[in-house]
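>>> A predicted structure for the sequence below; I have some questions about it.
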Amino acid sequence: MFDKEKRKGVPTRGLLYLAVGIAIGVVGMMIVTMIANRSVRPDFEPTTLPVIPTPAMGVTGTADAQTVVRPHRLLAFAVDETNDQIALSYMTGRETFLALKPWQDTHVGTTPPIILVRGGAAPAYMHFSFNPMAEPPTLMVSPSDNSHMRIFDTTLEQNVSRGGMNNVTDSLYSPNGAWLAVIQDNQSVKISRTPPGTFDIVPVQGRATSITFSADSQMLAVASIDAENANKLSVDVFRLPPVTPTEAHITLTPVRSYSLEGGIASPIVFSPDNIHMAVVVDNSIRVLSLTDDEQRYFDVGTPVRHLTIDPSGRWLAVSGITPGTEETRFITIYSLEEGNALAPELVMTQSISMNANIAGLQFVDEGLLVGEDAGTLTLYRWTGELWGDPITAMAGLE
């Protein structure tokens, strides 16, 4: 049994300890508050952080709910030198635009663009293809998602579409303007004569990722991913029939089929002599021969976003993702030394570093045109030794 005196003392000491603890806690809170008040302005809300907009972006909101809006962003472009036009797809704030502008006038920028499509809910058109041979000339555009492909009469200065298809992710005119190919629905490929009429299905196994026509418009190449094995790729090449055949449907003749190992096969380009193709497979470039089973492999060490060959067949321009980023800021130029055929070895002649993410590459009569998503178009001319002498063709977006 406990002693009565000791039992009386226990609660007395407990209350004393409790009082001392409370006092120490109050003093500690006062000290912390005094220190914190020295580092916070009296007029500053503790739950709000300062917002400092930069020239490259607009920032609104507070730290726990910020919205970053890039005021200008070039998405894609294409030049039709035959009819002196450039098509631009870009974003201003949250609004998307599809516009046409005189190409030669772009150097000085005095003429405002013709807005074909404008709207916050409009799709971002990422694939352009001009048909300068049509009468009147046309521009075909398709978005990056399964949305509406549209064909515009480029002589009209208003938002008028001459035709289109739903669920199209890529679309392309042949160089002679006689054919139109699209990737549609579940990534199947369809082809039609122009102007668009009845579309015939191209017999490709798997899901198509890229399409291209040969320079002479006599062949169509399709890259696809196997439906059951995502690491098995195919490149199928078909010969097109005469432009004005007697039969109603389009009969494609298989030329060659290639099996490759990888995760992505895109983009594809024909050499100007139509004897070779360059195909991007993951972090490499594969050179395929259309006359034999020869395949050459060139590891570029980074995923490739853009690939193009100049009309003379002398140069191959490649842009890939900059290591450690998700942006494409470098262009590598390879020399194709065997005339119009792709060289046995790709010899890197130079590398060009851009200031912003590359939105596209295109060879034009004056040289290599490079578009950056910040809205700058730069033209690099051949000096006889290097692609140099950069000229700013467009400094920003409207």
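Yep, that arrived. Nothing here was measured: the structure is a model prediction, and the numbers come from that model.
>>> Tell me which residues touch the nearest residue to Thr155 once chain neighbours are set aside, please.
Once its chain neighbours are removed from consideration, Thr155 has its nearest residue in Pro136; the separation is 4.5 Å (Cβ to Cβ, 6 or more residues apart in numbering). Just so you know, the C-beta spots here come from the backbone N, C-alpha and C atoms, and that holds for glycine as well. If you count contacts by Cβ atoms under 8 Å, 6 or more residues apart in numbering, Pro136 has them with 153-155.
>>> So Pro136 versus Thr244, what's the distance?
Taking Cβ to Cβ, to the nearest Å as the criterion, Pro136 is separated from Thr244 by 21 Å.
>>> same for the host helix or strand of Val287, what does it pack against?
Assigned by DSSP states H and E, Val287 falls within strand 284-289. Other elements packing on strand 284-289 under the criterion 3 or more Cβ pairs under 8 Å, 6 or more residues apart in numbering; DSSP states H and E are strand 253-261, strand 276-281, strand 295-299.
>>> shaky segments in the stretch 151-300 of the chain?
Low-confidence segments of the stretch 151-300 of the chain (pLDDT under 70): 157-164, 245-247.
>>> mind running it again at 50?
Counting by pLDDT under 50, the stretch 151-300 of the chain has low-confidence residues at 159.
>>> Show me the contact partners of stretch 111-124.
75, 88-89, 91, 94-102, 105, 125, 139, 143-145, 147-148, 150, 152, 157, 159, 398.
>>> before we move on, what about stretch 281-295?
233, 235, 237, 255-256, 258, 260-265, 274-280, 296-304, 307, 318, 320, 342, 346.
>>> Can you give me the buried ones in stretch 347-366?
Judged by neighbour count using 16 or more other Cβ atoms under 10 Å, the buried positions of stretch 347-366 are 352, 354, 356-364.
>>> measure it end to end?
Using Cα to Cα, to the nearest Å, the gap from the first to the last residue of stretch 347-366 comes to 23 Å.
>>> follow-up on the earlier one: figure out which of the helices and strands packed on strand 284-289 is closest to Ala215.
Among those, strand 276-281 comes nearest to Ala215, with 11.1 Å by Cβ to Cβ.
>>> And the closest one, what's buried?
Along strand 276-281, these residues count as buried under the neighbour rule (16+ other Cβ under 10 Å): 276-281.
>>> Stretch 375-382 too?
Burial within stretch 375-382, assessed by neighbour count using 16+ other Cβ under 10 Å, is assigned to 375-380, 382.
>>> Would you mind putting the CA coordinates of that stretch into PDB?
Extracted C-alpha coordinates of stretch 375-382, given in PDB (Å, rounded to 0.1, in the frame of the first residue of the first chain):
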ATOM      1  CA  GLY A 375       9.500  32.400 -83.700                       C
ATOM      2  CA  THR A 376      12.800  32.900 -85.500                       C
ATOM      3  CA  LEU A 377      13.500  31.600 -89.000                       C
ATOM      4  CA  THR A 378      17.200  31.500 -89.900                       C
ATOM      5  CA  LEU A 379      18.500  30.900 -93.400                       C
ATOM      6  CA  TYR A 380      22.000  29.300 -93.700                       C
ATOM      7  CA  ARG A 381      23.700  29.700 -97.100                       C
ATOM      8  CA  TRP A 382      26.400  27.500 -98.500                       C
END
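>>> which residues sit against it?
Taking contacts as Cβ under 8 Å, 6+ apart, the residues outside stretch 375-382 that touch it are 72-74, 77, 90, 106, 352, 354-356, 364, 366-372, 387-397.
>>> Same check on stretch 188-195?
With Cβ under 8 Å, 6+ apart as the test, stretch 188-195 has contacts from 131, 134, 162-163, 173, 177-184, 198-202, 204, 208, 211, 220, 222, 243, 250, 252.
>>> Return the members of these classed as buried.
Using 16+ other Cβ under 10 Å, the buried ones in those are 131, 134, 162, 173, 177-184, 199-200, 202, 204, 208, 211, 220, 222, 250, 252.
>>> just checking, which of those belong to strands?
With strands identified by DSSP state E, the entries of those that belong to them are 131, 162, 173, 179-184, 200, 208, 211, 220, 222.
>>> Let me see the ranges of the helices in this structure.
In the chain, helices defined by DSSP state H lie at 4-39, listed in chain order.
>>> how long is stretch 100-112 end to end?
With Cα to Cα as the measure, the first residue of stretch 100-112 is 9 Å from its last.
>>> likewise stretch 174-187?
Using Cα to Cα, the gap from the first to the last residue of stretch 174-187 comes to 19 Å.
>>> for it, the distance to its chain's centre please.
Centroid separation between stretch 174-187 and its chain, computed with Cα atoms, centre = their mean, to the nearest Å, is 19 Å.
>>> Show me what it is in contact with.
Stretch 174-187 is contacted by residues 131-134, 140, 142, 146, 149, 165, 167-173, 189-194, 196, 199, 202, 207-209, 211, 213, 215-217, 220, 224, 240, 243 when judged by Cβ under 8 Å, 6+ apart.
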